[in-house]
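> Structure, please.
(2 chains)
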Amino acid sequence: MSPPLELDYIGLSPPAATAAATGSADDLKGTELRLGLPGSESPDRRVPVAAAATTTLDLLPAKGAKRGFSDEVQPPSPSAAAGKGKKVADEEEEDEKKVAATPQPAAKAQVVGWPPIRSYRKNTMATNQLKSTKEDAEAKPDQGFLYVKVSMDGAPYLRKIDLKTYKNYKDLSTALEKMFSGFSTGKDGLSENRKDGEYVLTYEDKDGDWMLVGDVPWQMFAESCRRLRIMKGSDAIGLGKPVTWS
Amino acid sequence: MGRGGSRAAPAAAMPPWHALPDEVWEHAFSFLPAASDRGAAAGACRSWLRAERRSRRRLSVANCYAASPQDAVERFPAVRAAEVKGKPHFADFGLVPPAWGAAAAPWVAAAADGWPLLEELSFKRMVVTDECLEMIAASFRNFQVLRLVSCEGFSTAGLAAIAAGCRNLRELDLQENEIEDCSIHWLSLFPESFTSLVTLNFSCLEGDVNINVLERLVTRCRNLKTLKLNNSIPLDKLASLLHKAPQIVELGTGRFSADYHPNLFEKLEAAFAGDGLAVSVSHLHKFHLNIETVNFQVMDLIEDHGLAVVASSCNKLQELRVFPSDPFDAAGQVSLTERGLVDVSASCPMLESVLYFCRRMTNEALIAIAKNRPNFTCFRLCIIEPHTPDYITHQPLDAGFSAIVESCKGLTRLSVSGLLTDHVFKSIGAHADRLEMLSIAFAGNSDLGLHYILSGCKSLKKLEIRDCPFGDKPLLANAAKLETMRSLWMSSCSLTLGACRQLARKMPRLSVEVMNDPERACPLDSLADETLIDKLYVYRTIAGPRSDTPACVQIV
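Sure, this is the predicted structure:
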């Protein structure tokens, strides 16, 4: 049992010099065993419910279509797994440095929850930026977030995810499986479809066209994706026609 | 106030009012507007306690874990309007782990049981499910007002239950909630015979709403005063909607839509001409000003020169909020600076509440603002880049914020930002006597900063701190202060687990919650006192430790 902390407040050191006081908190964070992972991405408010997944969605495209997105990407590097900290403390320090070194548009890692703006406002801004980009043809600085709706045929609810929290198709696929596996069990309509075959992950791009997920490099996909839809394999044939989706 | 005439008998002089029946006291207490006054009266003696609590009609539970729903219902059996708040404020910015708690269900269940005559229910930052909404619709036959602010967990199916079941609904006010869209046409479930709406706000809803259904609803509700729509209503349909519903006094046009047409408000003005209407505009960067504007909420695209126009036109302005259009754009292409805020503070004498995001500030500007507007009650300044100093003198902004708290004696809410040392906290602690809520981020340089706050700030109720070099000592030295406050949030500071344990031992009426990374739910018992913790949430409670914590939250 450690000795009781000194409760007598007299004897505190005077305030440090008025230079920018960025040092102390960061130093402590870097060296101590921590419970939290500072600087890591907090899950979005609407984090997918961790499911006891006895079934998993097969998110590969229907037979005959182009190669699945999981084939397209490179295997994730260890630093990309930042925020999914199953690591021990000493490895964390390394990863933090890697995360910080990952090229970010603003040349620094995004701080969680800063500036203090509600997520729905961010989404509004994102929508505006995307739309005005079409008109301006000016390169807009990359934002730190991009919320898109995800719907699944047969599921009663829509979800929203921040595409920026995923680094590749595999991360996205895993997250979507977790998010929607709750619906693939027990709901009659869905179990039928499950028997028929796979689900197909599609997205609506900037131009309003529905495309199969996985054809283009991840970064290009992330920048052009406006909405995601997990559709039944049978419906994915003839993709390319605009799909009206309420 | 004795009677005139002969002296009383020499028997022990009981106050004459001692024998008055409870009903008289209940009537007297009905003139006390503030819950705190009623609470004080209830503390005077047993008979006043009895009379007060039995006649309490409005109850506000500012922290849903401060007392149990059963406690509330038993103590105040006659409540007709209840408000319950849940998650800490920083939940708005993703700092609170998901599934943290704040379920509304226990409150709805207790209310259904103990307050069958309940008319108003308001939840803020809580998890409200469709089952909750169904229960509300089914349990209270005279239910009139439902207000949900920053809640989540429900869908349009729940709204359908409310629409279909609440015959006497006057207000349905949905602010900033996350509502799942089941594509259920909930609006059409208000029966044709339903005409009692006075306020309808569904601005946070993302799904589509049938304009024809809306028009019919709005037309038959002749008392409808406030209508706040989402952006599924095409703006050009808005004018025709309003022509059919001239009873509407306040209109919200939903979130900013990129399909905005600049001539829209000319159309709207034509619809409202001559009625002294106050239109609350949301997120417009091309705006059409109404001299009656009281609340103005806008993106920084308005820029300084736009705010100068606001300053000169809207002299009834009371609240101003300016949000960043591109918060992560370090280049700062938008020309919104301290100038805009100085102009508005100089020209709007009724301005008392400000939320302002900008990229640069000076002490001189803050001092001027403080001098212009000593009547601020809420001042929240967010300089987007942490640790930003005065951009001219390169000094910390201590002097500026000190001027604010010294001048604005009625300040109840303050958010500070920019480069700040412990000195500013000394000023705040000493001068901000009415301050109830203080938000601090990336500021201070030692434990002294926190000590100044906790040992001063006489009226402090909520303190939220992130990323500051504050440690164990000031927390433990001021432990008793925490019981006079509603709650304290500290994240990414320098607190150890040992200090939390000590605090919990010393203060049994505080609940000390420690939160860690959700991916690593390791039991606290195994960790040493020296372990640094990431998130701390402390609040006073009479309900004891709660039992609904997720794995990543542990009560010390």
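
> show me where pLDDT drops low in chain A?
A:1-110, A:120-145, A:154-158, A:181-198, A:235-246 (pLDDT under 70).

> should've said the stretch 101-250 of chain B
Judged by pLDDT under 70, the stretches of the stretch 101-250 of chain B that qualify are B:235-236.

> One more pass at 80, please.
Applying pLDDT under 80 to the stretch 101-250 of chain B flags the ranges B:183, B:231-240, B:242, B:250.

> how about the residues of it near chain A?
With Cβ under 8 Å from any Cβ of the partner chain as the criterion, the stretch 101-250 of chain B meets chain A at residues B:152, B:155, B:157, B:176, B:178, B:180-183, B:204, B:206, B:208. The C-beta positions use only the backbone N, C-alpha and C, and glycine is treated the same way.

> now, the most widely separated pair of those residues?
B:Glu176 and B:Ser183 (21.6 Å; Cβ to Cβ).

> Go through the residues of the stretch 101-250 of chain B next to chain A and flag which are in strands.
B:152, B:155, B:178, B:180 (DSSP state E).

> Leaving out chain neighbours, which residue sits closest to the third one?
Excluding its sequence neighbours, the residue lying closest to B:Glu178 (Cβ to Cβ, 6 or more residues apart in numbering or on different chains) is B:Glu152, at 4.1 Å.

> Just to check, the one you found is in contact with B:Leu174?
No: between B:Glu152 and B:Leu174 there is no contact under Cβ atoms under 8 Å: 11.5 Å.

> which of the residues in stretch B:134-144 are buried?
B:134-137, B:139-140, B:143-144 (16 or more other Cβ atoms under 10 Å in any protein chain shown).

> So B:Ser232 is in contact with B:Cys204, correct?
No: with contacts counted by Cβ under 8 Å, B:Ser232 stays clear of B:Cys204, the gap being 11.7 Å.

> Would you mind measuring the gap between the ends of stretch B:85-98?
16 Å (Cα to Cα, to the nearest Å).

> about what we covered before: when B:Ser232 and B:Cys204 are compared, which one has more neighbours?
B:Cys204 (20 against 16; other Cβ atoms under 10 Å in any protein chain shown).

> OK, contacts around the more buried one?
A:120, B:174-179, B:230 (Cβ atoms under 8 Å, 6 or more residues apart in numbering or on different chains).

> Mark which of those residues are buried, thanks.
Here, 16+ other Cβ under 10 Å leaves A:120, B:174, B:176-179, B:230 buried among the contacts of B:Cys204.

> next one: phi and psi at the residue lying closest to B:Phe190 once chain neighbours are set aside?
Excluding the flanking residues, the one nearest B:Phe190 by Cβ to Cβ, 6+ apart is B:Ala163, at 4.6 Å. The phi/psi pair for B:Ala163 (degrees, to the nearest 10) reads phi -60, psi -40.

> Wait, B:Ala163 touches B:Ile184, no?
No: the criterion here is Cβ under 8 Å, and B:Ala163 misses it with B:Ile184 at 9.9 Å.

> Please identify which of these two sits among more neighbours.
Using other Cβ under 10 Å, the more surrounded residue of B:Ala163 and B:Ile184 is B:Ala163, with 23 against 18.

> count of residues packed around the residue of chain B found nearest chain A?
Closest to chain A within chain B is B:Asp534: 2.4 Å, counting by Cβ to the nearest Cβ. Residues near B:Asp534, counting by other Cβ under 10 Å, number 20.

> was I right about it contacting B:Leu497?
No: using Cβ under 8 Å, B:Asp534 makes no contact with B:Leu497, being 10.6 Å away.

> ok so, going back, relative to B:Ala137, how far out is the residue nearest to B:Phe190?
Per Cβ to Cβ, to the nearest Å, B:Ala163 is found 9 Å from B:Ala137.

> can you check A:Ala222 too?
For A:Ala222, the distance to B:Ala137 - Cβ to Cβ - is 41 Å.

> and which of the buried ones among the contacts of B:Cys204 is nearest to B:Ala104?
B:Asn177 (11.8 Å).

> Angles on the backbone of the closest one, please.
The phi/psi pair for B:Asn177 (degrees, to the nearest 10) is phi -90, psi 160.

> list the contacts for it?
Neighbours of B:Asn177 in contact, by Cβ under 8 Å, 6+ apart: B:148-152, B:154, B:204.

> Using JSON lines, please lay out the residues you listed together with distance to B:Gly544.
Output for the contacts of B:Asn177, formatted as JSON lines (distance: Cβ to Cβ, whole Å):
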{"residue": "B:Leu148", "distance to B:Gly544": "28"}
{"residue": "B:Val149", "distance to B:Gly544": "27"}
{"residue": "B:Ser150", "distance to B:Gly544": "26"}
{"residue": "B:Cys151", "distance to B:Gly544": "25"}
{"residue": "B:Glu152", "distance to B:Gly544": "26"}
{"residue": "B:Phe154", "distance to B:Gly544": "29"}
{"residue": "B:Cys204", "distance to B:Gly544": "35"}
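
> most surrounded residue in the residues you listed?
That'd be B:Leu148 among those, by other Cβ under 10 Å, with 28 neighbours.
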